[in-house]
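>>> Using only what follows, build the 3D model:
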Amino acid sequence: MLRWSLQEFQRHLTVKRNTHDLALSIFSYNIARTLKTSDTLFILGSGASINELTDADWRKVKSCDSMGLNFWLAHQFVPNFFMFEESSTPDRKEKFNQLLAQRLDDYQGVTFLYKDIERNGLNEYFKAALAKRRFYVVNKIHMPIFGHTEHNIATKAYAYLQRLGLTKRPMFARGSITVAMAIGSLLGYKKIILLGVDLNNVDYFWDSYSEEQRINSGQPYTIHKTASTEYGPVTIIDAVHAMNRYLLQPQSIDLYIGSKSSALYPDLPYYFKETHD
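Below you'll find the predicted structure:
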């Protein structure tokens, strides 16, 4: 745990230095509070279950705040917040840049959040394309994932510090959805709904698109790599449940899943019950 603490302190300094050197701003609690317009936050992942949503479901999504993640750009729906990171392979980087160029006009009023600047820096295309937008760097705290005991202790400690107001940085554990959930808790949303967070397969909403519009998933397994123990002892499923238990529930924040086909169901309640029954 001491080694992890030192690594996180170094990460924090690197994020601040890189952000300053690039003349950017860190996404802050005070900024975020001015952008919140509802008590419900929909977090938009890219799983194939997105294609199961009905018109009635989308009306609910549109009536509340939402945060798209990474390749959500490929979907026609425009969220309030968009959080992304540098893609890991040349073909995915090229595809992401193409999508960003195509969607910039549609995303005129969206708040952009950039993750992992300490690892990937910021390419010149992002900086130029987003220069006049609401564009902020996320300075997150990585939870340890080398063991369940250490992870749960750290998540409990983070939740305690957040409730005391001693940290305004979101936590991260295994996947972007945890950062989005932590931002949701910091902003005081009463309900957080995970859409397109399937995890038990490698199917995506764009699989039904034409071949030239599809995106290489970059997934090496038959389930999402963050849900596999081959990628580490603490899975994204473990991390979501730990956040729900130690961070969200003590604040009376309700966490839901938007598809019964998700690996998180039925441990998380299904949100759209009344419109589908």
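
>>> Can you show me the strands along the chain?
For the chain, applying DSSP state E gives strands covering 25-26, 40-44, 65-69, 81-84, 111-114, 134-137, 141-142, 171-172, 191-195, 254-257.

>>> With distance to residue 121 and mean neighbour count added, can I get the ones you listed in a markdown table?
Bear in mind the C-beta positions are built from the backbone N, C-alpha and C, glycine included. A markdown table is the format used below for the strands of the chain (distance: least, Cβ to Cβ, whole Å; neighbours: other Cβ atoms under 10 Å):
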| stretch | distance to residue 121 | mean neighbour count |
| --- | --- | --- |
| strand 25-26 | 15 | 14 |
| strand 40-44 | 26 | 27 |
| strand 65-69 | 20 | 24 |
| strand 81-84 | 14 | 24 |
| strand 111-114 | 10 | 21 |
| strand 134-137 | 11 | 20 |
| strand 141-142 | 18 | 18 |
| strand 171-172 | 18 | 23 |
| strand 191-195 | 29 | 25 |
| strand 254-257 | 33 | 21 |
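
>>> Now render those as TSV, adding distance to residue 100 and mean pLDDT.
Shown next, in TSV, are these (distance: least, Cβ to Cβ, whole Å; pLDDT from 0 to 100):
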stretch	distance to residue 100	mean pLDDT
strand 25-26	20	93
strand 40-44	16	98
strand 65-69	12	98
strand 81-84	8	97
strand 111-114	10	96
strand 134-137	12	94
strand 141-142	26	94
strand 171-172	22	95
strand 191-195	21	98
strand 254-257	28	98
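
>>> now those as CSV including distance to residue 238?
Shown next, in CSV, are the strands of the chain (distance: least, Cβ to Cβ, whole Å):
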stretch, distance to residue 238
strand 25-26, 28
strand 40-44, 18
strand 65-69, 19
strand 81-84, 21
strand 111-114, 24
strand 134-137, 27
strand 141-142, 15
strand 171-172, 14
strand 191-195, 15
strand 254-257, 14
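
>>> Can you list the buried residues in the longest helix along the chain?
Counting residues, the longest helix in the chain under DSSP state H turns out to be helix 2-21. Within helix 2-21, the residues that count as buried by 16 or more other Cβ atoms under 10 Å are 8, 11, 15, 18-19.

>>> average pLDDT across it?
In this model, helix 2-21 carries a mean pLDDT of 88.

>>> which residues sit against it?
Here helix 2-21 makes contact (Cβ atoms under 8 Å, 6 or more residues apart in numbering) with 25-26, 117-118, 121-122, 137, 139, 141-142, 144, 150, 154, 169.

>>> Most widely separated two among the residues you listed?
Distances among those were taken as Cβ to Cβ; the most separated pair is 25 and 150, at 32.3 Å.

>>> Out of the strands of the chain, flag the one nearest residue 273.
Nearest to residue 273 among those is strand 254-257 (9.4 Å), distances taken as Cβ to Cβ.

>>> Now find how far off-centre that closest one is within its chain.
Distance of strand 254-257 from the chain centroid (Cα atoms, centre = their mean, to the nearest Å) equals 15 Å.

>>> Same question for stretch 207-225.
With Cα atoms, centre = their mean, you get 18 Å for stretch 207-225.

>>> got it, and stretch 176-195?
On Cα atoms, centre = their mean, the centre of stretch 176-195 falls 8 Å from that of its chain.

>>> quick one: buried residues of it?
Going by neighbour count (16+ other Cβ under 10 Å), the buried part of stretch 176-195 is 176-187, 189, 191-195.
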